[in-house]
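K.L.:
A structural model of the following input is requested.
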Amino acid sequence: QKVNGIVVGRISHNQLLGYLIRQSVINMEVTDGILSSSMGDHQEENMTTYMHPLHRATMLQRTDRGFGMQIQTTPSGTHTVTNIMPFAAFSRGYLKINDEIHEVDGENVERMTHAQLLHLLGQQTGLLNLIVSTPDREVIVTKTKRGFGLRLETNMTSNGEISHEVGDIMDYAQINGELHNKDI
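P.N.:
This is a model prediction of the structure:
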């Protein structure tokens with residue numbers, strides 16, 4: 001992702017730390033880390049076998065009131081969760097407001113119209129398997145006398161890219177925005 005506008009996916013852990021030490025405030029663009037790479041015991045034959053590393057799987061149980069979510073579709077075809085009802089019954093994973101839906105029961109919905117998506121959802125009974133992602137968000141972290149209060153971890157992805165993620169957030173971290181362990 002980015003730190004103060006700089007893409008950090010191509011720099012080493014030491015280079016990133018050297019840069020951060022010289023800063024008093026860091027503006028980070030982050031996204032949720034990898035939360036789930038498969039459906040585990042609940043994997044269905046029609047689920048996608050490859051999942052984008054920033055996508056996560058979630059399962060909703062249909063109730064007599066529906067699946068418990070409202071969706072809005074942008075003109076470009078992005079399907080966004082705009083509301084989650086209290087009766088939403090999750091069998092696995094979770095949804096957040098502003099999550100983007102990529103697949104429904106193994107079917108890519110990224111080019112579907114809103115009406116097509118609603119038709120597909122209306123045909124579903126029982127468990128609904130979704131592949132979703134949370135869009136990037138901006139977080140500002142201010143340096144205190146003790147530092148930024150973040151411990152960063154650096155890993156090499158399977159395709160050879162460098163991935164930096166939040167390992168720990170100390171109690172003295174001054175954060176404006178939503179930041180979690182494993183965010184990248």
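K.L.:
What helix or strand is residue 138 located in?
P.N.:
Assessed by DSSP states H and E, residue 138 sits inside strand 137-142.
K.L.:
And for residue 106, the neighbour number?
P.N.:
Residue 106: 13 surrounding residues under other C-beta atoms under 10 Å. All C-beta atoms are positioned from the backbone trio N, CA, C, and that covers glycine.
K.L.:
Residue 124 now?
P.N.:
For residue 124, the number of neighbouring residues by other C-beta under 10 Å comes to 15.
K.L.:
Also residue 73?
P.N.:
Number of residues near residue 73 (other C-beta under 10 Å) recorded here: 18.
K.L.:
returning to that earlier point: which residues make contact with the strand holding residue 138 from outside it?
P.N.:
Defining contact as C-beta atoms under 8 Å, 6 or more residues apart in numbering, one finds that strand 137-142 is touched by 24-31, 148-150, 173-179.
K.L.:
what do you get for stretch 2-10?
P.N.:
1, 16, 19-20, 23, 26-29, 161-164.
K.L.:
farthest pair in those residues?
P.N.:
23 and 161 (23.3 Å; C-beta to C-beta).
K.L.:
Looking at the two, which one has more neighbours?
P.N.:
Neighbour totals were compared for residue 23 and residue 161, and residue 23 leads with 14 against 11 (other C-beta under 10 Å).
K.L.:
hang on, residue 71 in a helix?
P.N.:
No - with DSSP: H, G, I helix; E, B strand; the rest coil as the criterion, residue 71 is located in strand rather than a helix.
K.L.:
Touching, residue 23 and residue 147? I think so.
P.N.:
No - using C-beta atoms under 8 Å, residue 23 is not in contact with residue 147, being 10.9 Å away.
K.L.:
now, which of the contacts of stretch 2-10 sits nearest residue 127?
P.N.:
Nearest to residue 127 among those, with distances taken as C-beta to C-beta, is residue 163, at 31.2 Å.
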